[in-house]
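> Have a look; sequence and predicted model below, questions after that.
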Amino acid sequence: MVFNDTTTKTGIVQEINDICQSDDNSYPIESKTRRVNSAMDRFFTLAFQADGRWTLDDLNQSTVPIETQALVASQQTYDIDDFTSEIINVLGFTVLDNLGIEHQLTRLIRENALPLSEYKKTAGLPEEYDLIGKKIYLYPKPASANVTTIAGLKIYLNRPATKFLYTDTTKVPGIPSIFHMYICRLASLPYLIDFQKPQKNDIASLINQDEKEIEQYFLNREKGVRRNMTPNIEQTK
């Protein structure tokens, strides 16, 4: 479903107007755009929470959600903002050694590494990372003899949805098409509530069902991978 199809009237904007019994005067295109973007954020939040091993990324993105920055010899801290994407979730970090081989870093368990000022003090090939605020800490700090410096630190991440502009026409949401109606409904609900439209409860009920289906979809979409099942053990008195 494209964003705004003024010719065949089959876009998201037109569906919102149908749900709300509105037009672009009573429900301005700028307001609809803002709420569609908010609905996209909600969709990605639900998908990330439920996501299995096949991680979600916006279908409109032309690059994979992996970014790099340079390593500096003997520098232990790096700024998360030096990666160009907005980071929603960190999936992991790797470093490249001096042969270009990628090594996964493990998350530092702080209570096992105190005092941190004394932990793995000798520079070498980083093995662990810690996150404090906007800073990434590497243990040990990289040594030039052990690492590739250019693009030597790599992050695997979840990033947010690409957003719509109110002037967009043929752009399509970067999510599975079976959930486009969810975006329309969720962007309609604030208007229905604000103006106390009689269909607000029905739309809220459909949104609730949509969100359950989104969760199930992202839990189960990689059919070839078996999920670990946790047994439900009843407690006897």
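Ah, there it is.
> Which strand or helix spans residue 40?
helix 29-50 (DSSP states H and E).
> Could I get the CA-only coordinates of that helix as PDB?
Output of helix 29-50 as PDB, limited to C-alpha atoms (Å, rounded to 0.1, in the frame of the first residue of the first chain):
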ATOM      1  CA  ILE A  29      -2.100  15.400   5.700                       C
ATOM      2  CA  GLU A  30       0.600  16.700   8.100                       C
ATOM      3  CA  SER A  31      -1.200  15.200  11.100                       C
ATOM      4  CA  LYS A  32      -1.800  11.900   9.300                       C
ATOM      5  CA  THR A  33       1.900  11.700   8.300                       C
ATOM      6  CA  ARG A  34       3.000  12.300  11.900                       C
ATOM      7  CA  ARG A  35       0.700   9.600  13.200                       C
ATOM      8  CA  VAL A  36       1.700   7.100  10.500                       C
ATOM      9  CA  ASN A  37       5.300   7.600  11.500                       C
ATOM     10  CA  SER A  38       4.300   7.000  15.100                       C
ATOM     11  CA  ALA A  39       2.500   3.900  14.100                       C
ATOM     12  CA  MET A  40       5.700   2.700  12.300                       C
ATOM     13  CA  ASP A  41       7.600   3.200  15.500                       C
ATOM     14  CA  ARG A  42       5.100   1.200  17.400                       C
ATOM     15  CA  PHE A  43       5.200  -1.600  14.800                       C
ATOM     16  CA  PHE A  44       9.000  -1.800  15.100                       C
ATOM     17  CA  THR A  45       8.900  -1.800  18.900                       C
ATOM     18  CA  LEU A  46       6.500  -4.800  18.800                       C
ATOM     19  CA  ALA A  47       8.600  -6.600  16.200                       C
ATOM     20  CA  PHE A  48      11.900  -6.100  18.000                       C
ATOM     21  CA  GLN A  49      10.400  -7.400  21.300                       C
ATOM     22  CA  ALA A  50       9.000 -10.500  19.600                       C
END
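> The following helix or strand past that helix pairs with which strands, parallel or anti?
Downstream of helix 29-50, the next assigned helix or strand under DSSP H and E is strand 66-69. Strand 66-69 pairs in its sheet with strand 153-158 (antiparallel), by DSSP bridges.
> tell me which residues in the helix or strand just after the strand it pairs with are buried?
The C-terminal neighbour of strand 153-158 among helices and strands, as given by DSSP H and E, is helix 180-194. By neighbour count on 16 or more other CB atoms under 10 Å, the buried set for helix 180-194 is 180-192. To be clear about C-beta, it is placed using only N, CA and C from the backbone, and glycine gets the same treatment.
> now swap in stretch 9-21 and tell me
11-17, 19-20.
> ok, and the closest non-adjacent residue to residue 124?
Leaving aside its sequence neighbours, residue 124 sits nearest to residue 140 (CB to CB, 6 or more residues apart in numbering; 4.7 Å).
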